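K.L.:
Structure for this input, please:
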Amino acid sequence: MSIHPTALISPHSKIADNVRIGPYVVIEDDVTIGSDCEINSHAVIKSHTTLGRGNRVAEHAVLGGLPQDVKFKGERSRLVIGDDNLIREFVTIHRAAGEGDTTRVGSRNFLMIGVHIAHNCVIGDDNIFANEVALAGYITVEDHAFLSNNVGCHQFIRIGRYAMVGGKSKIVQDVLPFFTTDGNPARVRGLNTIGLRRAGFSKEARRVLKEAYVILFRRGLPLEEALHRMEKMEEENVRHLANFIRGSERGFTRERVRKVESADSETSRTAEQI
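P.N.:
Sure, this is the predicted structure:
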């Protein structure tokens, strides 16, 4: 263990042997930090926070702060962070509101400068949040999502896996998995083709998702009929997309208004873009 002499560390915290702690770090009571973590200067790890293994916390980050919730009355709650996350300068992540509740951040996430994750959020694995992304309370983010800079998200919304959200977008409804969403008001712009290619999705997998996109947005079908047709495709990712839509409580972001094209012309026009 390497601890700078100016660091203030509570004797009621649990820190693994090979953790590196920089100058002026503050670690409060009831904090657990796993092996191979690096906590850089002026970072603050507040009470009731758990970090797994291999996390790197940059300067001036604050983890486990009190929730910004008028209903919070000082009840005991937690922040739990997984393994191998990169948490950059001035990131703030709040513990939950509600007795015994938990804010959760998974593993291998990259949180860039100034990201804010509010109380009771549940963040999955392998996500990238660019500078100044702000998540209000009770938001769920699945895995492998990319939120560009200054994206602002309303409380209680969900962001699906492999979604890409463009910079400065205002998100007030669920963001569908596998698609690119952008703008203010936010609109679905198409399949997240580049992201899916980088993630190793085959051309056939991308083609099937594109077909589901056309069924959902381009054929003018009632939503229930579109979902029924998607479910009949019996493909794992399309099934996840349909289930995500069925589970939406706030509604989901739709495609921008456009003239409905025939299925044949739309499929032909977009085939080379898959």
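K.L.:
how about low-confidence regions in this protein?
P.N.:
257-274 (pLDDT under 70).
K.L.:
most residues in a single helix of it, which one?
P.N.:
If you go by DSSP state H, the chain has its longest helix at helix 203-217.
K.L.:
other SSEs contacting it?
P.N.:
Judged by 3 or more C-beta pairs under 8 Å, 6 or more residues apart in numbering; DSSP states H and E, helix 203-217 is in contact with strand 186-191, helix 193-198, helix 223-232, helix 236-246, helix 263-270. Heads up, the C-betas are built off the backbone N, CA and C, glycines and all.
K.L.:
The third one versus helix 203-217: what angle between them?
P.N.:
Here helix 223-232 points in a direction 160 degrees away from that of helix 203-217 (axes from the mean of the first three to the mean of the last three C-alpha atoms, to 10 degrees).
K.L.:
Could you pull out the buried residues of stretch 172-188?
P.N.:
By neighbour count with 16 or more other C-beta atoms under 10 Å, stretch 172-188 contains the buried residues 172-182, 186-188.
K.L.:
Dump the residues you listed to JSON lines, plus secondary structure.
P.N.:
Shown next, in JSON lines, are these (DSSP: H, G, I helix; E, B strand; the rest coil):
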{"residue": "Val172", "secondary structure": "coil"}
{"residue": "Gln173", "secondary structure": "coil"}
{"residue": "Asp174", "secondary structure": "strand"}
{"residue": "Val175", "secondary structure": "strand"}
{"residue": "Leu176", "secondary structure": "coil"}
{"residue": "Pro177", "secondary structure": "coil"}
{"residue": "Phe178", "secondary structure": "coil"}
{"residue": "Phe179", "secondary structure": "strand"}
{"residue": "Thr180", "secondary structure": "strand"}
{"residue": "Thr181", "secondary structure": "strand"}
{"residue": "Asp182", "secondary structure": "strand"}
{"residue": "Ala186", "secondary structure": "strand"}
{"residue": "Arg187", "secondary structure": "strand"}
{"residue": "Val188", "secondary structure": "strand"}
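K.L.:
Widest-spaced pair of those residues?
P.N.:
Taking C-beta to C-beta as the measure, those span a maximum distance of 20.1 Å, between Val172 and Phe178.
K.L.:
how's this structure carved up into domains?
P.N.:
2-138, 197-273 (automatic domain parsing).
K.L.:
Deepest-packed of those domains, please.
P.N.:
Of all the domains of the chain, domain 2-138 carries the top mean neighbour count, a mean of 19, counting by mean count of other C-beta atoms under 10 Å.
K.L.:
circling back: can you say which of the helices and strands packed on helix 203-217 is nearest to Ile9?
P.N.:
helix 193-198 (40.0 Å).
K.L.:
Residues in contact with the closest one: which ones?
P.N.:
With C-beta atoms under 8 Å, 6 or more residues apart in numbering as the test, helix 193-198 has contacts from 144, 146, 162, 164, 178, 180, 205-206, 209, 273-274.
K.L.:
can you pull the contacts of Ser148?
P.N.:
Residues near Ser148 by C-beta under 8 Å, 6+ apart: 130, 133, 164-169.
K.L.:
Based on its surroundings, how many neighbours for Arg158?
P.N.:
By other C-beta atoms under 10 Å, 24 other residues sit near Arg158.
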